[in-house]
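Engineer: A structural model of the following input is requested.
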Amino acid sequence: MADVYSYRSGVDSTATRDLTGFDVEATDGSIGKIDEANNETSSAYVVVDTGFWIFGKKRLIPAGVVKRVDDEDDKVYVAMTKDEIKNAPDYDPELHNKDKNKYQSSVGTYYDRYTSW
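Structural biologist: Below is the predicted model of the structure:
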């Protein structure tokens, strides 16, 4: 099984740069911008601000869901549809800061099916 919080092979160069501000593209269209990014080994993720699309909700998306990064267009492509992201758990920074490992484990179970490499 793939580690949901590690970038896929070929996307691992993201560990050396900040993806904050990049647009995020689902398989069926744009979903928002990256509000924050963490590139820690086995704990990498992006937090996407969905803006008006789902009423200002944010989603923590594990790195394993990222299919590719387009540096020219400042876009990150994820292996999910807009509805799959809309149905994902809301990002809760308070819970995340309180117990990062427990929170990421809980959120990761939703995303695990989208990380088949």
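
Engineer: would you map the strands across this protein?
Structural biologist: 23-26, 29-38, 45-49, 58-62, 66-70, 75-78 (DSSP state E).

Engineer: the longest one: which residues count as buried?
Structural biologist: Pointing back at strand 29-38 there. Buried residues in strand 29-38, counted by 16 or more other CB atoms under 10 Å: Ile31, Gly32, Lys33, Ile34, Asp35, Glu36, Ala37. Quick note: C-beta positions are derived from backbone N, CA and C, even for glycine.

Engineer: so where's the protein shaky on pLDDT?
Structural biologist: Applying pLDDT under 70 to the chain picks out residues 1-2, 12-16, 53-54, 116-117.

Engineer: scan it for its longest helix.
Structural biologist: When the chain is parsed with DSSP state H, its longest helix is helix 100-111.

Engineer: from Tyr91, how far out is Gly108?
Structural biologist: As judged by CB to CB, to the nearest Å, Gly108 and Tyr91 stand 13 Å apart.

Engineer: looking at those two, which one has more neighbours?
Structural biologist: Tyr91 (21 against 18; other CB atoms under 10 Å).

Engineer: which residues touch that one?
Structural biologist: Counting by CB atoms under 8 Å, 6 or more residues apart in numbering, Tyr91 touches Val47, Lys57, Lys58, Arg59, Leu60.

Engineer: re the thing from before, tell me which residues in the longest helix of the chain are buried?
Structural biologist: Counting neighbours by 16+ other CB under 10 Å, one finds that the buried residues in helix 100-111 are Tyr103, Gln104, Val107, Gly108, Tyr110, Tyr111.

Engineer: that older thread, in JSON lines: the buried residues of strand 29-38, plus distance to Ala79.
Structural biologist: Output for the buried residues of strand 29-38, formatted as JSON lines (distance: CB to CB, whole Å):
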{"residue": "Ile31", "distance to Ala79": "13"}
{"residue": "Gly32", "distance to Ala79": "16"}
{"residue": "Lys33", "distance to Ala79": "18"}
{"residue": "Ile34", "distance to Ala79": "16"}
{"residue": "Asp35", "distance to Ala79": "20"}
{"residue": "Glu36", "distance to Ala79": "20"}
{"residue": "Ala37", "distance to Ala79": "17"}
